[in-house]
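Q: predicted model follows, preceded by the sequence.
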Amino acid sequence: MEHIPVLISEVLEYLITDLGGVYLDGTVGSGGHAGEILGRLSSRGRLVASDWDDAALENAGEKLASYGKRVSFYQCPFAEAASLLSRAGVDGFSGVLLDLGLSSVQLSAGRGFSFSEKVPLDMRMDRRRRRTAADIVNCWQEEELSSLIKEYGEERHARRIARAIVRARPFADTTELAAVVSRGAGGRRGKLHPATRTFQALRLAVNDELGQLAKLLEQAPGLLRPGGRLVIISFHSLEDRLVKKYLKGEGGAYFRELTKKPLSPEWQEQKVNRRARSAKLRAAERL
Ligand SMILES: C[S@@+](CC[C@H](N)C(=O)[O-])C[C@H]1O[C@@H](n2cnc3c(N)ncnc32)[C@H](O)[C@@H]1O
């Protein structure tokens, strides 16, 4: 089935105001949104496409090759997005898009994000970073693990799970960990696999996902020209809370919110795109 970029019509509507402008897609992934953005821009419009995952950039490069010099690629964490301004030769972008989290390609690429395949506990989106999920589960103190799983996984059984992990470690692979976490959580109750929240917490920690987003928001005013648009799609309540707090707080001095409430995909999109179910889009305009 063809990959449908999440909330694509809303992204195009809110992001693009200048068809000949220079835009940043800071999470280019497989290039789904990027391709649609480039397709909408005029022949003068350009896209700076960045991601911190080398494999994602390779995929996006292939997908977007036909746009030639109108698209340039950089391996860059979005916390360092300000460095892309000078590399792209502009003072400010006309729009910045972030589609946060993990791509479906990463999920199924044997990199440790999913417990449905037996692979090493890695979970790094940027493989230049040092710390892996194995480092966390095998080395952190029980209390640290418990707080991590509670806070980032919003997991009720965090204490029990942390205790079970500490007793059973060291772990080498995903399925061993998932089995111990499931037992620690007291087995399956609802629809969600009992290891889902713990895996999510580990992924957020390995990649410092909330820290990355906080740093991007700090830089956001300097990334955009007046009238430029910031569009952020989040998939986790902690991420959405961070964006909301920024736009309603200190960001209010620099941005006008375009979405008072976050936008969610219509049920038709949720039906064909599982990932869309928890998506929330917020958009703002640089004053
Ligand atoms: C959901 S995917 C993006 C999908 C993309 N919009 C598309 O249409 O194909 C998220 C991407 O963001 C990247 N990413 C996540 N956190 C990042 C960060 N802090 N810096 C740079 N890239 C990041 C991931 O590597 C992944 O490729």
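A: Great, that's in hand.

Q: ok, residue 201 - contacts?
A: If a contact means C-beta atoms under 8 Å, 6 or more residues apart in numbering, then residue 201 has 148-149, 151-153, 155 as its contacts. No exception for glycine: its C-beta is placed from N, CA and C like everyone else's.

Q: for stretch 24-36, C-alpha coordinates in PDB please.
A: This file holds the C-alpha atoms of stretch 24-36, laid out as PDB (Å, rounded to 0.1, in the frame of the first residue of the first chain):
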ATOM      1  CA  LEU A  24      13.000  23.000   6.300                       C
ATOM      2  CA  ASP A  25      11.700  19.400   6.800                       C
ATOM      3  CA  GLY A  26      13.700  18.500  10.000                       C
ATOM      4  CA  THR A  27      12.400  14.900  10.100                       C
ATOM      5  CA  VAL A  28      12.500  14.000   6.400                       C
ATOM      6  CA  GLY A  29      12.200  10.200   7.100                       C
ATOM      7  CA  SER A  30      11.200   8.500   3.800                       C
ATOM      8  CA  GLY A  31      10.500  11.800   2.200                       C
ATOM      9  CA  GLY A  32       6.700  11.500   2.100                       C
ATOM     10  CA  HIS A  33       5.900  15.000   3.300                       C
ATOM     11  CA  ALA A  34       8.900  16.300   1.600                       C
ATOM     12  CA  GLY A  35       7.800  15.000  -1.800                       C
ATOM     13  CA  GLU A  36       4.400  16.600  -1.400                       C
END
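
Q: tell me the mean pLDDT for it?
A: In this model, stretch 24-36 has a mean pLDDT of 97.

Q: quick one: that stretch near the ligand?
A: Yes. Using C-beta under 6 Å from any ligand atom, stretch 24-36 reaches the ligand at 27, 29-33.

Q: weed out the non-buried ones from those.
A: Buried residues within the residues of stretch 24-36 next to the ligand, counting neighbours by 16 or more other C-beta atoms under 10 Å: 27, 29-33.
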